[in-house]
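Undergrad: quick one, structure for this:
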Amino acid sequence: LLQIDFEDVIAEPEGTHSFDGIWKASFTTFTVTKYWFYRLLSAIFGIPMALIWGIYFAILSFLHIWAVVPCIRSYLIEIQCISRVYSICIHTFCDPMFEAIGKMFSSIRATVRKEI
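TA: Purely as a prediction, here's the structure:
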């Protein structure tokens, strides 16, 4: 919720103050104008904006329920078959190769000497 007070908009620094009557009249003018202009804008644009946002969120919900979720579920079902084939290929070709490379390099020993 947006809360804007008179002091947030019109802030006189310490040591610089206008007459009390002017300050009070300015405060009253600001507060009344903000109050009634907000009411006027709400009366003019409130119902049309509520209608527009209602339509927007209805369309968004409809698309999510009837298009997005079914597409994602369909994709996940179809990708399962591909993932099984991919997994078989990896286990068949890559696992033995990397295991052999690992055994080749497992006998390498490194020694670090510090010469002074």
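Undergrad: show me where this structure has strands.
TA: With DSSP state E as the definition, the chain shows no strands.
Undergrad: quick one: mean pLDDT for stretch 26-37?
TA: Across stretch 26-37, pLDDT averages out at 91.
Undergrad: check which residues of the lowest-mean-pLDDT helix or strand in the chain are buried.
TA: Lowest on mean pLDDT, DSSP states H and E among the helices and strands of the chain sits helix 6-9, with a mean of 71. Buried residues in helix 6-9, counted by 16 or more other Cβ atoms under 10 Å: none are found. The way it works is simple: take the backbone N, C-alpha and C, and place the C-beta from them, glycine included.
Undergrad: and Lys34, how many neighbours does it have?
TA: Lys34 has 14 neighbouring residues, counting by other Cβ atoms under 10 Å.
Undergrad: which elements pack onto the least confident helix or strand of the chain?
TA: helix 20-63 (3 or more Cβ pairs under 8 Å, 6 or more residues apart in numbering; DSSP states H and E).
Undergrad: about what we covered before: please save the CA atoms from the least confident helix or strand of the chain in PDB.
TA: Output in PDB follows, covering the C-alpha atoms of helix 6-9 (Å, rounded to 0.1, in the frame of the first residue of the first chain):
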ATOM      1  CA  PHE A   6       2.600  15.900   2.900                       C
ATOM      2  CA  GLU A   7       5.900  15.900   4.800                       C
ATOM      3  CA  ASP A   8       7.300  13.200   2.300                       C
ATOM      4  CA  VAL A   9       6.600  15.500  -0.600                       C
END
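Undergrad: center of the protein - which residue?
TA: By Cα atoms, centre = their mean, the chain has its centre lying nearest to Leu60, at 16.7 Å.
Undergrad: that residue and Ile47, how far apart?
TA: Distance of Leu60 to Ile47, given as Cβ to Cβ, to the nearest Å: 20 Å.
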